[in-house]
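Participant: all I have is the shape, not the residue letters:
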């Protein structure tokens, strides 16, 4: 499939096609939900490395947008899909989910600050490093404790369905951090449906890495 030649149409068609293609690939591979979450974690770590290792402010801006896009969607996807499943299926799931939501809130507040900075700002890298320090701690604990507990409580089929729901949900949630929004359904769902179109429209005018499958892989 080729993207449309018109720039605006191309942005939407490429984005939708990319999301559908990714979901089809996930469906064929039938990943467990922990695998999908860990893949997001590894992507965030790669984007972080590109930002802190680069000395080019344009490249840093592109990966700043990509890092923000991925982390914002990942966080809301977990809160809407994964944490409710944890509360329902894991013995101490409510306590684990509440802990994860508190950690998410701190990360969201830091992400909000980071996403509004310019690469030329003196606190651009320090803000990202502080954010990543907290995020890395959350990731380590989530992968070591929370996800194994969830997987143990789910059948393979249930885990795969949860993974599919997680991937689909990320297509429709906000792509920027909104720390003042609720962190639980149904209120988070309602607020997200209002914020997402605004975020996605603004994404059209942001710069993205040239090889990105983002809504606006700008090379300008």
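Facilitator: Cool, got the structure. Please read all numbers here as calculations on a predicted model, not as lab measurements. Residues are numbered from 1 along each chain as shown.

Participant: can you name the secondary structure element that comes next after the least confident helix or strand in the chain by mean pLDDT?
Facilitator: Lowest mean confidence among the helices and strands of the chain (mean pLDDT, DSSP states H and E): helix 7-29, at a mean of 49. Under the assignment DSSP states H and E, the closest C-terminal helix or strand after helix 7-29 is helix 33-53.

Participant: that following helix packs against which elements?
Facilitator: helix 57-77, helix 124-141, helix 147-153, helix 156-169 (3 or more Cβ pairs under 8 Å, 6 or more residues apart in numbering; DSSP states H and E). To be clear about C-beta, it is placed using only N, CA and C from the backbone, and glycine gets the same treatment.

Participant: what about residue 174, how many residues nearby?
Facilitator: Neighbour count of residue 174, defined by other Cβ atoms under 10 Å: 23.

Participant: for it, what are phi and psi?
Facilitator: phi -60, psi 150 (degrees, to the nearest 10).

Participant: quick one: contacts for it?
Facilitator: Contact partners of residue 174, counting by Cβ atoms under 8 Å, 6 or more residues apart in numbering, are 72, 73, 76, 181, 192, 195, 196, 199.

Participant: also residue 179?
Facilitator: Contacts of residue 179 by Cβ under 8 Å, 6+ apart are 105, 108, 109, 111, 112.

Participant: then residue 40?
Facilitator: Taking Cβ under 8 Å, 6+ apart, one finds 70, 74 in contact with residue 40.

Participant: how much space separates residue 57 from residue 98?
Facilitator: Using Cβ to Cβ, to the nearest Å, we find residue 57 at a distance of 39 Å from residue 98.

Participant: do residue 130 as well
Facilitator: According to Cβ to Cβ, residue 130 stands 23 Å off from residue 98.

Participant: likewise for residue 168?
Facilitator: 25 Å.

Participant: same thing with residue 128?
Facilitator: Distance from residue 128 to residue 98, counting by Cβ to Cβ: 27 Å.

Participant: among these two, which residue is more densely surrounded?
Facilitator: Neighbour totals were compared for residue 128 and residue 98, and residue 128 leads with 22 against 14 (other Cβ under 10 Å).

Participant: the more buried one is in contact with residue 48, isn't it?
Facilitator: Yes - counting by Cβ atoms under 8 Å, residue 128 sits close enough to residue 48 to count as a contact (6.9 Å).

Participant: hey, what's in contact with both of the two?
Facilitator: Contact with both residue 128 and residue 48 is made by residues residue 67, according to Cβ under 8 Å, 6+ apart.

Participant: excluding chain neighbours, what is closest to residue 150?
Facilitator: The shortest distance from residue 150 to any non-neighbouring residue, by Cβ to Cβ, 6 or more residues apart in numbering, is to residue 86 (5.3 Å).

Participant: mind listing what's buried along the helix or strand harbouring the one you found?
Facilitator: Assigning secondary structure by DSSP H and E places residue 86 in helix 83-89. For helix 83-89, burial by neighbour count (16 or more other Cβ atoms under 10 Å) applies to 83, 84, 85, 86, 87, 89.

Participant: how about stretch 128-145?
Facilitator: For stretch 128-145, burial by neighbour count (16+ other Cβ under 10 Å) applies to 128, 131, 132, 135, 138, 139, 142.

Participant: list just the nearest of the buried residues of helix 83-89 to residue 122.
Facilitator: Of all those, residue 83 has the smallest distance to residue 122: 36.0 Å, by Cβ to Cβ.
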